[in-house]
Structure formats: structure tokens, C-alpha cells
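Colleague: Pasting the sequence and the predicted model now:
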Amino acid sequence: MKNVVLLGSTGSIGTSTLKVAEDLPERIRLTGLAAGNNVELLLEQARKHRPKVVSLSDPAKAKIAKEALKGTEVYCGTEGLVKLATQPEADIVLIAIVGTAGLQPALAAIRAGKDIAVASKEILVMAGETVMNEARKHGVKVLAVDSEHSAIFQCLGEKPGCSVRNLWLTASGGPFRSTPKSEFPSITVERALKHPSWVMGRKITIDSATLFNKGLEMIEARWLFDIEMGRVKVVVHPQSVVHSMVEFVDGSIIAQMSTPDMCLPIQYALTYPERVASDRVQTDLAKLGSLTFEEPDTERFPSLNLARRAGEVGGTLPAVLNAANEVAVEAFVNRKIHFMQVSETVARVMDRHKVVAHPSLEQILEADAWARGEAA
């Protein structure tokens, strides 16, 4: 039995994690749940799973939860997230909070000796060097929840980085994989939110349409697997069945495959190092018929080159890339800019930034705040 704290329980990753917990009641006990402001869903989850502690972003919503959940500890804000992340009985903390809010509780969990499972890209994009150094220092694991990084983790096993020629992240290509660049300025928010393979939250769905999602994953992979950016590659795979691959120095390629379902990488992270039986994911290769692969078009999707540049330069630049993208995506969703201006905005902000090498956490947060203001 593993005691799991789940930060971000009402989002798409969070609700999938609850399904996994319900599938494996003898393996997974949810001891803490944190949500943003969806108090109704959090109350429903808490009544079903009976966590010892819950937290909400909004103090007013936390007050509602306190009145409704007698005998449950209720917290709010950043303090609440840190309280849950450092819960004494927790074995692992799954962080599925969108944006930068997951960084402080992630570091708190690591310093409290907890393994963490990372579904929030921002944590490793912004502060990969700091997070991984802290994890090594405290002897804890940083486990991947993204399907791509989980796939690489499963393929790589205990093999050292020197045995790897390339890590291959697969990308579905998003809804505009074959859309001519001339049509990009007229792309609507509604079209961008229709992902061909995955059902995800709004921000990550837009990021998949621009391929920024894959760019952020490249930087994540660089830190998770201690591989320099030059060996992190992307290939477009529209079927989203091969979740990622490891190419070894002898030319052999090992891939992890399954029909797209986030419950699989979530379960693997929470039950690692074991594999536990589940009937939730079924893959019929004959029915799939064929799997195809394409070179990504970096002219139509400049986000990949921007991310590679940020990962190679390092320092505060990945945090700037991430923050500028968040602001630009929000502007696109609010119809203030068109689709192509998302990557154009990020590029301009990156060009204006004075990079700090090997930054402290305070310098990372300063760069994040600067980039948000500059992008706006």
C-alpha cells in the first residue's frame, strides 16, 4: 500500500489518478487532495476517498470545505500545498497543478524525503537543475507522469546515459499537422482545442496545437534523464500509440506502446517498481493496422527550435520560455492575438532576456515574473 498525496485532484490528470486509485484500492491510499477552486468536485472526491487532509486555493472555498468535511483537516493557498506535500505519512506526492504553483510544494516534498511524480511540466522546465540536484541530495525519486517521459523511463530502465544515442519523443502533430502555414493566422480557439488523440486541459491542448507542449517535454527529458539537449529528438507520430522511444548507441530502438490513456503512466508511477494488473488499457494492434512517423516542420511550428535553444542555453531562459508562453496562450484564448503570435511573442521575450546561469530559486522566480510582464 502506498500513501499518495495528489495536488491538482480536480484537473484531467487528477481525475485520472482517482480512477487508478479506485482500480487499485489495495495498493493506493489517497491521504491528501488539493484542488484549485472547484470545491464541489473536491468535496465529492473527499467523501469518496476520505483523505486526512485537503486544500483549496481560495480561502473562501476552503471555509466551505471545512464546514462540509467534519474531521478532515482543511488548508488553503501555497501554505496548504506545502502542508500536504510534507504530510508525514505520505510515500509519494503526485503534482498535477498547471503553472508554476507546483514548484514550491515539489521542493518541499523532496526536502521532506518524499518521492514525487511530476505531471506539471513547469517544475522541471523552470527549475530542472535545482529539482534534480535536490532529489539526488535527499535520495528520493522523481518519477514521470507524462506519457512520453514514462515511456522513456520504461524503455531506459537502469541503463546509463552513455548507452543512449538519442531519446525520441513522439508528437501527435496536433490538430494542425497538415494545415498550410498560410491558414495559421485564421485558426480559431475552438479549432485549436480539438486535439486528435488526447482529452486534456485547455492550456495543454493549446500547447499541443502549437507544439510548445513537445518543446517543454524536450527540456523536461533533458533533466529527468540527465541527457544533453542534442540527444533529445522529436518525431511526429499521428496515431499516438508509440509514446516515446530510446535509441541506444548500437542502433537498437526500444519503444513503449499502448492505446492513449493517461491512467497507464499514472499507475506505473504510483506502483513503481512493480507492474500491477489492470484491464483499463487494451491495445489491438491488428485493428490499429499501421503506425506512421514524420519529421516535424519547425517552420510552421517554431516552438520546437525555441525550446531547444532554451534548453541548450539553460539558466533562466527555460523559465522565460515557459512564462511567456503561458501569457501568450492566455491572450490567444481570450482572442487578443492570433495563433502564430503565440510563438512570435515567446521569441521576442526570449531575445530580450539577460540569462542568469545556474540561478537560485529566487532568480528563477524573478525571471518568471519579468517574462510575464514582458510578454503581456
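Modeller: Right, received. Where do you want to start? Numbers count the residues shown, from 1 in each chain.

Colleague: Name the residues of the helix or strand where I364 lies that are buried.
Modeller: Following DSSP states H and E, one finds I364 within helix 361-375. Using 16 or more other C-beta atoms under 10 Å as the test for burial, helix 361-375 gives I364, L365, A367, D368, W370, A371, R372, E374, A375. Any C-beta I mention is one placed from the backbone N, CA and C, and that applies to glycine too.

Colleague: and A21, which of the three is it?
Modeller: helix (DSSP: H, G, I helix; E, B strand; the rest coil).

Colleague: give me the low-pLDDT residue ranges for the stretch 151-300 of the chain?
Modeller: Applying pLDDT under 70 to the stretch 151-300 of the chain flags the ranges 196-200.

Colleague: Show me the domain layout of the chain.
Modeller: For the chain, the structural domains run 2-144, 149-313, 314-376, going by automatic domain parsing.

Colleague: quick one: buried residues of stretch 339-351?
Modeller: Neighbour-count burial for stretch 339-351 flags F339, M340, Q341, V342, S343, T345, V346, A347, V349, M350 (criterion: 16+ other C-beta under 10 Å).

Colleague: Same check on stretch 266-283?
Modeller: I266, Q267, Y268, A269, L270, T271, Y272, S278.

Colleague: The third one should be in a strand, yeah?
Modeller: Meaning Y268. No. Counting by three-state DSSP, Y268 falls outside a strand, being helix.

Colleague: Can you tell me the SS state at the residue lying closest to it once chain neighbours are set aside?
Modeller: Leaving out its chain neighbours, the residue that sits closest to Y268 by C-beta to C-beta, 6 or more residues apart in numbering is S150, at 5.8 Å. State at S150, reduced to three classes by three-state DSSP: helix.

Colleague: Touching, S150 and L169? I think so.
Modeller: No. If you go by C-beta atoms under 8 Å, S150 and L169 don't touch, sitting 11.6 Å apart.

Colleague: Tell me where the stretch 201-350 of the chain has strands.
Modeller: Listed from the start of the chain, the stretch 201-350 of the chain has strands (DSSP state E, counting those that start in this stretch) covering 232-236, 242-248, 253-257.

Colleague: could I get these as CSV with mean neighbour count?
Modeller: Shown next, in CSV, are the strands of the stretch 201-350 of the chain (neighbours: other C-beta atoms under 10 Å):
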stretch, mean neighbour count
strand 232-236, 20
strand 242-248, 22
strand 253-257, 17
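
Colleague: residues making contact with stretch 61-70?
Modeller: By C-beta atoms under 8 Å, 6 or more residues apart in numbering, the residues outside stretch 61-70 that reach it are 37, 39, 42-43, 46-47, 54-56, 72, 74-76, 80.

Colleague: typo on my end, stretch 267-285
Modeller: Stretch 267-285 is contacted by residues 2, 4, 17, 19-20, 23-24, 27-28, 92, 94, 117, 141, 143-145, 150, 154, 241, 257-259, 261, 263-264 when judged by C-beta under 8 Å, 6+ apart.

Colleague: Flag every buried residue along the strand or helix carrying K63.
Modeller: Taking DSSP H and E as the definition, one finds K63 inside helix 59-68. Using 16+ other C-beta under 10 Å as the test for burial, helix 59-68 gives K61, A62, I64, A65, K66.

Colleague: which one among these gets closest to G173?
Modeller: G173 lies nearest to K61 out of the buried residues of helix 59-68, by C-beta to C-beta, at 38.3 Å.

Colleague: For the nearest residue in space to N305 that is not next to it in sequence, give its distance to L321.
Modeller: In space, N305 comes closest to T298 once its chain neighbours are excluded; the distance is 5.2 Å by C-beta to C-beta, 6+ apart. Distance from T298 to L321, counting by C-beta to C-beta, to the nearest Å: 15 Å.

Colleague: Need phi/psi at the closest residue to L42 other than its chain neighbours.
Modeller: Among residues not flanking L42 along the chain, A35 sits closest, at 4.2 Å (C-beta to C-beta, 6+ apart). Here is the backbone geometry of A35 (degrees, to the nearest 10): phi -130, psi 170.

Colleague: which residues touch P265?
Modeller: By C-beta under 8 Å, 6+ apart, the contact list for P265 reads A144, V145, D146, S147, S150, A151, H243.

Colleague: again, but for L193
Modeller: When contacts are counted by C-beta under 8 Å, 6+ apart, L193 touches R202, T205, I206, A209.

Colleague: again with G311
Modeller: Counting by C-beta under 8 Å, 6+ apart, G311 has contacts M218, I219, R222, M229, V232, P318.

Colleague: what's the burial count for the second one?
Modeller: Neighbours of I219 under the rule other C-beta atoms under 10 Å: 26.
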